[in-house]
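A structural model of the following input is requested.
(one chain, ligands or ions: 1)
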Amino acid sequence: MLRRALKWTAFRSLSIDHLRPLLSSHSSPSNFSSSTSLRTPTDNFTDRAVEDVAYPSITPSPPSATIAIDRSGLCNPPEHSHEATADSEIVRHLKSIIKFRGGPISVAEYMEEVLTNPKAGFYINRDVFGAEGDFITSPEVSQMFGEMIGVWAMCLWEQMGQPNKINFVELGPGRGTLMADLLRGTSKFKKFIESLSVHLVECSPTLQKLQHSNLKCVDENGIGENATISTLAGTPVSWHPTLEEVPSGVPTIIIAHEFYDALPIHQFQRTSRGWCEKMIDVADDSLFRFVLSPNPTPANIFLTRRFNWAAEDDLAKLGQIEVCPRAMELTESIAKRISSDGGGALIIDYGLNGIVSDSLQAIRKHKFVHILDSPGSADLSAYVDFASIRHSAEEASENVSVHGPITQSQFLGALGINFRVEALLQNCTDDQAESMRAGYWQLVGEGEAPFWEGPDDQVQIGMGTRYLVMAVVNKKQGAPVPFES
Ligand SMILES: C[S@@+](CC[C@H](N)C(=O)[O-])C[C@H]1O[C@@H](n2cnc3c(N)ncnc32)[C@H](O)[C@@H]1O
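So this is what the prediction gives:
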């Protein structure tokens, strides 16, 4: 329970007069959340090569301080708990891949199978969000998050000259909460809303159903084809497995919130033989274990690409590195689409504006667990390398400009979240107001909540500086808010 008044964060000021109707509209709070743990990874086990032979195994050592991240909202990972659940479907599947290939698989392949295997992947058959799930995300913390993304999207649409058709794409919409809050928040702005065709890129059939329900969709028989309409704002909605399958030829706005961190990463380690890829194998005792590749692997091509974007001084200090080819490819695809169709993309995630060395984490039920522990039952995510996104976009098209990253606190503050929370507080009960203030603080605050008086292990952790925001837009439109200066 919150008993003390919150300390309000001072925000960088921005001229937001034209946004006031949006910020003060729809002054009824909807979703409230008593959120607990975030999904931000902590510093990870540093794995150290102990043998220099073909596929040498790697022994976990104590956590490294490679990345300093506040882990106080979550329990420390256990030292050795990566015993695989012998009979789970995904474990059998992973072992059969390793057996029939006659050798270990990359961390990226493991991550992809564990998260999105069509039968048994972590995301595929369940709702993993919220206090009852495995982790919490910003849209689940407060309706204000989706509303502020709506403000950003409307500003971009204005900068684009108010086109009467927009493909509005969300990558990995989770429960659909962000999109639902965005549509509710902007529903009074008829011209904007009527321009939207919502496209959700989602691999999980379970989450697709949840999104359909949370967007209050109805399936209508249109002339010649079936259409799904969100009754929140009367906008058509459709689902796609990848961005490539979203129709092109129309100006496009793309939102990727906590999507990039779920994309599979490759991990490399510097050894006496040079850079070796960290792989996953099955040991004699039938448990999964990490090993190092004896020779360069196909992913080395992406390692070389990443090294080309780095300063020599930074590379000299590195002992480990993560690279995400899928993030590079996705960014290229976003940049090309924005270049040809107009529009922009907003990428929000936890990460660094530079090389990420060792960040992969597994989270189950709001606690960190070992990456190899009971695969498929825990979320796997890695820090996003925003510098790599910038370079990928800039190399893919000279017609796009990349802005940021800035912190989530700067982004939401500049868009006027403090005005929005004040407007919402006008219509709240005391309990709602307490929850609203806590949600506001969690979105923009830093460190442990100063007002928290409950159990230490449930203290709220601010997302304001741990999450970064980057925009990629068509140069014709100029810099998007709030990245102008
Ligand atoms: C961490 S969740 C974020 C959900 C939501 N954006 C939020 O912030 O609450 C990742 C989302 O991306 C989806 N996803 C993960 N990998 C995907 C892939 N390769 N293709 C399509 N969707 C994917 C998951 O099913 C889930 O909806």
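
Nearest the middle, which residue of this structure would you pick?
Nearest to the mean C-alpha position of the chain, by C-alpha atoms, centre = their mean, lies residue 258 at 1.1 Å.

Which residue is the nearest non-sequential neighbour of it?
residue 137 (5.3 Å; C-beta to C-beta, 6 or more residues apart in numbering). Using the backbone N, CA and C atoms, a C-beta is placed for each residue, glycine as well.

Could you report the neighbour count for the one you found?
23 (other C-beta atoms under 10 Å).

Find the nearest non-adjacent residue to the one residue in the stretch 51-200 of the chain that gets nearest to the ligand, please.
Proximity to the ligand, evaluated over the stretch 51-200 of the chain using C-beta to the nearest ligand atom, is greatest for residue 172 at 2.3 Å. Leaving aside its chain neighbours, residue 172 sits nearest to residue 259 (3.8 Å; criterion: C-beta to C-beta, 6+ apart).

Next, work out how far apart the one you found and the ligand are.
5 Å (C-beta to the nearest ligand atom, to the nearest Å).

Contact partners for that residue?
Neighbouring residues of residue 259 by C-beta atoms under 8 Å, 6 or more residues apart in numbering: 171, 172, 347, 349.

I'd like to know how far residue 361 sits from the ligand.
12 Å.

Over to that residue: give its phi and psi.
Backbone torsions of residue 361, given as degrees, to the nearest 10, read phi -140, psi 150.

For it, list each beta-bridge partner.
Taking DSSP bridges as the rule, residue 361 bridges to residue 381.

So it sits against residue 380, correct?
Yes. The pair residue 361 and residue 380 passes the contact test of C-beta atoms under 8 Å, sitting 7.2 Å apart.

and these two? which has more neighbours close in?
More neighbours surround residue 361 than the other of residue 361 and residue 380, with 26 against 23 (other C-beta under 10 Å).

any idea of the pLDDT on the more buried one?
Looking at residue 361, its pLDDT reads 95.

again with residue 387
98.

Is the residue lying closest to it once chain neighbours are set aside in a helix, a strand, or coil?
Nearest non-adjacent residue to residue 387, counting by C-beta to C-beta, 6+ apart: residue 354, 4.9 Å away. Each residue gets one of three states, and residue 354 gets coil by DSSP: H, G, I helix; E, B strand; the rest coil.

i'd like the first residue to be 229 from this point on
With the count now opening at 229, the last piece we talked about shows up as residue 582.

Could you verify my assumption that residue 582 touches residue 612?
No. Counting by C-beta under 8 Å, residue 612 is not a contact partner of residue 582; they are 11.0 Å apart.

Please say which of these two ends up with more neighbours.
A count of neighbours by other C-beta under 10 Å puts residue 612 above the other of residue 582 and residue 612, at 32 against 14.

interface residues of this protein facing the ligand?
Taking C-beta under 6 Å from any ligand atom as the criterion, the chain approaches the ligand at residues 343-344, 351, 357, 365, 367-368, 400-402, 429-432, 435, 485-487, 490.

residues contacting residue 624?
For residue 624, the contacting residues are 559, 560, 561, 563, 564, 567, by C-beta under 8 Å, 6+ apart.

Need the phi and psi values for it.
Torsion angles, degrees, to the nearest 10, at residue 624: phi -70, psi -30.

quick one, helices of the stretch 379-528 of the chain?
405-414, 418-423, 433-442, 528-536 (DSSP state H, counting those that start in this stretch).

looking at those, which is buried most?
Among the helices of the stretch 379-528 of the chain, helix 405-414 has the highest mean neighbour count (mean count of other C-beta atoms under 10 Å), at a mean of 26.

Would you mind writing the CA trace of that helix as CSV?
The C-alpha trace of helix 405-414 is given here as CSV (Å, rounded to 0.1, in the frame of the first residue of the first chain):
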residue,chain,number,x,y,z
THR,A,405,-3.2,-4.2,-23.9
LEU,A,406,-1.0,-1.5,-25.5
MET,A,407,-3.1,-1.4,-28.7
ALA,A,408,-6.4,-1.5,-26.7
ASP,A,409,-5.3,1.5,-24.6
LEU,A,410,-4.1,3.3,-27.7
LEU,A,411,-7.3,2.8,-29.7
ARG,A,412,-9.4,3.8,-26.7
GLY,A,413,-7.3,6.9,-26.1
THR,A,414,-7.3,8.1,-29.7
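
Now do that helix against helix 433-442: the angle between them, please.
20 degrees (axes from the mean of the first three to the mean of the last three C-alpha atoms, to 10 degrees).

For residue 431, give me its contacts.
Counting by C-beta under 8 Å, 6+ apart, residue 431 has contacts 344, 346, 349, 351, 352, 469.

Give me the nearest residue to the last one, chain neighbours excluded.
Closest residue in space to residue 469, ignoring its immediate chain neighbours: residue 431 at 6.0 Å, by C-beta to C-beta, 6+ apart.

Need the pLDDT of the one you found.
So residue 431 comes in at 96 (pLDDT).

Residue 485 now?
The predicted local confidence for residue 485 is 98.

By mean pLDDT, flag the weakest helix or strand of this structure.
strand 273-277 (a mean of 29; mean pLDDT, DSSP states H and E).

now residue 639: how far from the ligand?
Counting by C-beta to the nearest ligand atom, the gap from residue 639 to the ligand is 15 Å.

State whether that residue and residue 708 are indeed in contact, as I suppose.
No. The pair residue 639 / residue 708 is not scored as a contact, 10.7 Å apart, by C-beta under 8 Å.

and the two? which has more neighbours close in?
Shown here are residue 639 and residue 708; by other C-beta under 10 Å, residue 639 has more neighbours (28 against 22).

who touches that one in this structure?
376, 576, 632, 697, 710.

go on, residue 482?
So residue 482 contacts 397, 398, 399, 471, 562, 565, 566, 571, 572, 573, 574 (C-beta under 8 Å, 6+ apart).

Which two of these have the greatest separation?
398 and 566 (15.3 Å; C-beta to C-beta).

Between these two, which has more neighbouring residues?
Per other C-beta under 10 Å, whichever of residue 398 and residue 566 has more neighbours is residue 566, with 27 against 23.

Wait, a strand at that one?
No. The assignment for residue 566 (three-state DSSP) gives helix, which keeps it out of a strand.

Let me know the pLDDT of it.
As predicted, residue 566 sits at a pLDDT of 98.

intersection of neighbour lists for residue 589 and residue 608?
Shared contacts of residue 589 and residue 608, counting by C-beta under 8 Å, 6+ apart, come down to residue 599.
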